[in-house]
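Visitor: Let me see the structure of the following:
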Amino acid sequence: MKKLLAGSAAILALGVSASWGADEGAKPTVLQLAAWEPVQLAPASWNVYGLRLDIFYGKNLNVAGLDAGLGLNSAGNTYGVAVGGANLNEGNVYGIQAAGMNFNDKDDSTVAGIQGALALNYAPDTTVYGVQAAVWNEARSFMGVQAGAVNICRPVCGDIYGIQLGGFFNADLRCSTFAGLQLATVANIAGGADFYGIQGALYNQTKDAAGLQLGVINQTKNVYGVELGALLNRTASVAGIQAGTANCTAGDVRGIQIGALFNYDSQLGDIAGIQVASIANHTPSSNLVGLQSSALWNDARDVAGAQIGLINLSDSHKGLQIGLVNLTGKASGFQIGLINKAERMTGVQIGLLNVISSSDLMVLPILNVQF
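Guide: Next up, the predicted model:
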């Protein structure tokens, strides 16, 4: 039996040491009992391949197997299962960590497996592959699942692939890419990330979003997909669908904008698609190719398509204007309304009062035509 145990320990030590690149001269032991380092069977410079039991504080170079204690379990690398009041690693973790708190304190380290804590998983310079679950989770980047009241990826982080579930918020301040699902009750912040997937919270913020954003307020540089905001969507450009009480865009829109109150674009850009609002579409510096419709007011620089509302304004218009009042600089097509006015017209005006400033018959009732 002793030979079998010794042989098994040797095989385990050889395999794990090869994967770790174990330090030369580090001695192995299959059993470690620790009260408070240095009061322990084997010195802290030894490797444990088997079982380590800690009462208050145990420390070893590396631990492979089962690491259990009431207080603090400290090791360079952990391979297996670590259970205790707290786990502290100055290297990599492959397996399961379960404690009140887990700490990883090494640059460019790795956690592969499950990191579960009652309070805190703190791994600010670590890449996590698997699951991180605690009240507060912190990592550099991860592939898998992060679940907690607060999930944070540090200011300089890599890519995130998987699921973030935050009771309060998820913060990924300067990540390169987030691909997956991000859900929180209060806020999702992926400040510098390209986001691919679904983001849902009261407040969502990301650099570029390709997928679905659901929130009361969504703030994004570019949206490629669907953005649904109960109150406000604020986006530099949209290619897809944007729906909310109000949509503010300072760039290009290619697709559909639906605002329960209004759509607003304050900068020069192109709108190709459909703008629909109950009160107003206000894009005075933008070109519109498609449809602009509201119950009250539509405003665009150059329109190729249709404007439908009580009041329609444009610098130039090719297509159709239908409203109570239609005003444009240069029109080509049809104006239908109570009052129609164009500086220059190639087409037909139908209304109570029709005005073409460049025509010999400048003002006519019912019908005015110029070609």
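
Visitor: For the stretch 1-150 of the chain, which segments count as strands?
Guide: In the stretch 1-150 of the chain, the segments counted as strands under DSSP state E, counting those that start in this stretch are 28-36, 39-40, 47-69, 72-89, 93-104, 109-133, 136-153.

Visitor: need those strands in TSV with distance to Gly305, can you?
Guide: All C-beta spots, glycine's among them, are computed from the backbone N, C-alpha and C. Below are those laid out as TSV (distance: least, CB to CB, whole Å):
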stretch	distance to Gly305
strand 28-36	76
strand 39-40	79
strand 47-69	68
strand 72-89	61
strand 93-104	57
strand 109-133	49
strand 136-153	43
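
Visitor: To Ile366, which of those lies closest?
Guide: strand 136-153 (66.0 Å; CB to CB).

Visitor: Tell me the first helix or strand C-terminal of the helix or strand hosting Gly290.
Guide: Assigned by DSSP states H and E, Gly290 belongs to strand 280-294. Next helix or strand after strand 280-294 toward the C-terminus (DSSP H and E): strand 297-308.

Visitor: partners of that following strand, with directions?
Guide: Strand 297-308 has its sheet partners listed here by DSSP bridges as strand 280-294 (parallel), strand 311-356 (parallel).

Visitor: Turn the ones you listed into CSV, columns for mean pLDDT.
Guide: Output for the strands paired with strand 297-308, formatted as CSV (pLDDT from 0 to 100):
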stretch, mean pLDDT
strand 280-294, 86
strand 311-356, 96
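
Visitor: Most tightly packed of those?
Guide: strand 280-294 (a mean of 22; mean count of other CB atoms under 10 Å).

Visitor: who touches that strand?
Guide: Here strand 280-294 makes contact (CB atoms under 8 Å, 6 or more residues apart in numbering) with 257, 259, 261-279, 296-310, 312-314.

Visitor: Let's see that with 6 Å instead.
Guide: With CB atoms under 6 Å, 6 or more residues apart in numbering as the test, strand 280-294 has contacts from 262-265, 267-277, 296-309.

Visitor: Show me what Val131 is bridged to.
Guide: Assessed by DSSP bridges, Val131 has beta-bridge partners Ile114, Val145.

Visitor: Measure how buried it is and give me the count.
Guide: Other residues near Val131 come to 20 when the count uses other CB atoms under 10 Å.

Visitor: how much space is there between it and Val216?
Guide: Distance of Val131 to Val216, computed by CB to CB, to the nearest Å: 29 Å.

Visitor: Ile308 now?
Guide: 29 Å.

Visitor: of those two, who's got more company?
Guide: It is Ile308, of Ile308 and Val216, that has more neighbours when counted by other CB under 10 Å, with 17 against 14.

Visitor: The more buried one contacts Ile322, doesn't it?
Guide: Yes: Ile308 lies in contact with Ile322 (CB atoms under 6 Å); the separation is 4.8 Å.

Visitor: Any chance of CSV for the strands paired with strand 297-308, columns distance to Pro365?
Guide: CSV is the format used below for those (distance: least, CB to CB, whole Å):
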stretch, distance to Pro365
strand 280-294, 27
strand 311-356, 6
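
Visitor: Out of those strands, which gets nearest to Val238?
Guide: Each of the strands paired with strand 297-308 was scored for nearness to Val238 using CB to CB, and the closest is strand 280-294 (12.1 Å).

Visitor: Export that closest one to CSV, keeping only CA atoms.
Guide: C-alpha atoms of strand 280-294 as CSV (Å, rounded to 0.1, in the frame of the first residue of the first chain):
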residue,chain,number,x,y,z
ALA,A,280,-41.6,65.0,-34.0
ASN,A,281,-38.7,63.9,-36.2
HIS,A,282,-36.0,66.6,-36.0
THR,A,283,-33.0,66.0,-38.2
PRO,A,284,-32.3,69.5,-39.7
SER,A,285,-28.8,68.7,-40.8
SER,A,286,-29.4,65.2,-42.2
ASN,A,287,-30.3,63.7,-45.5
LEU,A,288,-33.3,61.4,-45.4
VAL,A,289,-33.8,58.5,-47.9
GLY,A,290,-37.0,56.7,-47.0
LEU,A,291,-39.9,57.6,-44.8
GLN,A,292,-40.3,60.3,-42.1
SER,A,293,-43.6,60.2,-40.2
SER,A,294,-44.9,61.9,-37.1
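
Visitor: any idea how far Val276 is from Val145?
Guide: Using CB to CB, we find Val276 at a distance of 38 Å from Val145.

Visitor: Kindly list the main-chain dihedrals of Lys46?
Guide: I think there's a mix-up here, since residue 46 is Trp and not Lys. phi -90, psi 160 (degrees, to the nearest 10).

Visitor: for Asn92, same thing?
Guide: With angles defined as degrees, to the nearest 10, Asn92 sits at phi -100, psi 160.

Visitor: Ser358 now?
Guide: phi -90, psi 0.

Visitor: What distance do you get for it to Lys318?
Guide: 17 Å.
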